[in-house]
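1. Provided below are the primary sequence and the corresponding predicted coordinates.
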Amino acid sequence: MKKHFLKGLLIKITAAASSLVLVGSAFGVSASAASYCTINNETGTTSGTVSDITAIWPEAPEVNSSSCILIDADTGSILFERDSHARCYPASTTKILTGLLTIENCNMDDTVTFSQTAANSVNITEDANLGSKAGEQFTVNQLLHGLLLYSANEMAYALGEHVAGSIDAFVDMMNAKAKELGALDTHFANASGLYDPDHYTTAYDMAMIARGCYNNASFVSIDSTSTSYVIPPTNMTSTQRTIRHRHKMLKGREYYYEYCKGGKTGFTDESQNTLVTFAEKDGMRLICVVFKEPDDSIRYVDTRALFDWGFANFQKSTTTGSQLGAMFSNDNYYNSNVFSELSLDFGLNASFITIPNKSSLSNVTMTVDDNYDMINENGVMTTHLKFLYNNNTVGTTTLNISAAGTDTGNLLPYREANVSLQYTPKKCFTINIWIVVGIGAVILFIIYIIEERARRKRQRRHYNRRRRHLR
């Protein structure tokens, strides 16, 4: 009898447990199920399951800069940051974006003729310049070397006019490009970085801009010039101009660093010392940005300390398609209110992440990157995701969503054609997992009480039958 009782109780417990699993699936118990019901640039919901993350982020060196950041140029991983979203004046580090836009929109052999406005755009005795004159002609290549190596402000102005037709139009291009690269708290007012209260950025934003520059081979070729560069005589200047890079971590400089591949210096009274630096070692390419450095030499000391720490404590790890799929495409996404009635194609583009030495992908999760706007173009919704390791960003990827085998003109992932392009998320009904566990415990307890009472009743009936039989 006892055996039958236990068997019956086990069957009921199993049924109750199965019911709880079904309830949990229906109501989106998992945090990751809710995450894609709120996929827009205002959310940061982490997807995937974080289990026993015990690895410790390497202890960073002491630095003096009040606003700085170290990132991996290839993965976007943030290895170190201090108040990196604080608004700062970038000074001449601005010129890296001016250089990138010029390279993207001009031929190196194009001839640029200085306008009177460009020639008069600087204070000859105070601002960095090469004394260019109205009517003087240079090639784009020569101006880029003057811009990135010597930091000539009038050459920044001339390049802006040449690229866009006017300096105002070029500034508009700068702000649009900055946003495209992920710099969303940045506004430029000129092409050189001369002080303007409406000309600001952040260390994080400048790192995103620098990442775009560092991934342009022509930019790196010019910016890594460690030897002297000669601008020959022009139509208005009879002598050559010999210039050298102002960055002091290049070969033959005071703070030489063998892995330095270039960068850009900056200084104004309002910005203090600023510095963007590129470095590469054993296939790892890092970018360091330091702002608000009170001392010229300290910015180089801080930069080297962060580079040495980054190279010594981190590694690149390859992410395969199946690993990305495991992070992203678990059953909970397809049970969500957004995706349950649609057949969708997902495209994830990524190859590497940067994680601490002796760690693994098992500690990495995924989240929507709220520093990027969501884009809807030709029926394909595109946003960006971040890979997280202990809440540290260790990589980025692009997520593309489109309907599988349907008209891509629809506004996805919604069914109605009149849905706002802002992709206001559908509301997902979620239940805390502990509430479900508690309900399950109560159900099991009730089942146990019912079964115990039934067992005692059967025992009493059996006892009474035996007594009547004995009589």
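-> Received, thanks. The structure presented is a predicted model; accordingly, all values stated were derived computationally and were not measured.
2. contacts only, for the closest residue to A279 other than its chain neighbours.
-> Counting by Cβ to Cβ, 6 or more residues apart in numbering, A279 lies nearest to Y259, which is 4.4 Å off, once chain neighbours are set aside. Yep, even glycine has a C-beta here, placed from its N, CA and C like the rest. When contacts are counted by Cβ atoms under 8 Å, 6 or more residues apart in numbering, Y259 is found next to 279-281, 307, 311.
3. same list (those residues) but as TSV, adding pLDDT and secondary structure.
-> TSV is the format used below for the contacts of Y259 (pLDDT from 0 to 100; DSSP: H, G, I helix; E, B strand; the rest coil):
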residue	pLDDT	secondary structure
A279	97	strand
E280	97	strand
K281	95	strand
F307	98	helix
F311	96	helix
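4. for PyMOL, write the select line for the buried members of those residues.
-> Buried residues among these (16 or more other Cβ atoms under 10 Å), as a PyMOL selection:
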select buried, resi 279+280+307+311
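5. any low-confidence regions in the protein?
-> Residues of the chain meeting the criterion pLDDT under 70: 1-55, 125, 318-351, 370-381, 383, 399-434, 436-437, 463, 465-471.
6. for it, what's the longest helix?
-> helix 433-470 (DSSP state H).
7. identify each buried residue in that helix, please.
-> For helix 433-470, by 16+ other Cβ under 10 Å, it's 436, 440, 443-444, 447, 451, 455.
8. what do you get for stretch 118-131?
-> Neighbour-count burial for stretch 118-131 flags 118-119, 121-122, 127-130 (criterion: 16+ other Cβ under 10 Å).
9. so what are the domain limits for this protein?
-> Annotated domains of the chain cover 1-27+436-471, 32-48+330-430, 67-314 [automatic domain parsing].
10. my guess is T102 contacts L144. True?
-> Yes - counting by Cβ atoms under 8 Å, T102 touches L144, with 6.2 Å between them.
11. what do the two both touch?
-> In contact with both T102 and L144: L159, using Cβ under 8 Å, 6+ apart.
12. the two: which has the busier surroundings?
-> T102 (29 against 25; other Cβ atoms under 10 Å).
13. ok, that one - contacts?
-> Taking Cβ under 8 Å, 6+ apart as the test, what T102 contacts is 140, 143-144, 147, 159, 162-163.
14. now do the SS call for the closest residue to W309 other than its chain neighbours.
-> In this structure, W309 finds its nearest non-sequential neighbour in P61, 5.2 Å apart by Cβ to Cβ, 6+ apart. Using DSSP: H, G, I helix; E, B strand; the rest coil, the secondary structure recorded for P61 is coil.
15. R299 should be in a strand, yeah?
-> No - assigned with three-state DSSP, R299 falls outside any strand and is helix.
16. verify the stated contact: it with N273.
-> Yes - the criterion here is Cβ under 8 Å, and R299 meets it with N273 at 4.9 Å.
17. overlap of the contact sets of those two?
-> Counting by Cβ under 8 Å, 6+ apart, the residues touching both R299 and N273 are 290, 293.
18. neighbour count winner among these two?
-> Neighbour count, other Cβ under 10 Å: between R299 and N273, R299 has more, with 30 against 21.
19. tell me the contacts of that one?
-> Taking Cβ under 8 Å, 6+ apart as the definition, contacts of R299 comprise 65, 273-275, 290, 293.
20. make JSON lines from those and add secondary structure and distance to L194 to it.
-> Shown next, in JSON lines, are the contacts of R299 (DSSP: H, G, I helix; E, B strand; the rest coil; distance: Cβ to Cβ, whole Å):
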{"residue": "S65", "secondary structure": "coil", "distance to L194": "22"}
{"residue": "N273", "secondary structure": "strand", "distance to L194": "16"}
{"residue": "T274", "secondary structure": "strand", "distance to L194": "13"}
{"residue": "L275", "secondary structure": "strand", "distance to L194": "17"}
{"residue": "V290", "secondary structure": "strand", "distance to L194": "20"}
{"residue": "E293", "secondary structure": "strand", "distance to L194": "19"}
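21. filter these down to the buried ones.
-> By neighbour count, with 16+ other Cβ under 10 Å, the contacts of R299 hold 65, 273-275, 290, 293 as buried.
22. what about the residue nearest to D302 when sequence neighbours are not counted, how many residues nearby?
-> Leaving aside its chain neighbours, D302 sits nearest to V63 (4.2 Å; criterion: Cβ to Cβ, 6+ apart). Counted with other Cβ under 10 Å, the neighbours of V63 add up to 21.
23. distance check, V63 against F307.
-> Distance, V63 to F307, by Cβ to Cβ, to the nearest Å: 11 Å.
24. tell me the SS of E258?
-> coil.
25. could you do L388 as well?
-> On the basis of three-state DSSP, L388 is classed as strand.
26. ok, A60 - how many residues close by?
-> 16.
27. now do the contacts for it.
-> A60 makes contact with 80, 306, 309, according to Cβ under 8 Å, 6+ apart.
28. turn those into CSV, including secondary structure, distance to H247 and neighbour count.
-> CSV is the format used below for the contacts of A60 (DSSP: H, G, I helix; E, B strand; the rest coil; distance: Cβ to Cβ, whole Å; neighbours: other Cβ atoms under 10 Å):
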residue, secondary structure, distance to H247, neighbour count
F80, strand, 20, 21
L306, helix, 16, 25
W309, helix, 20, 18
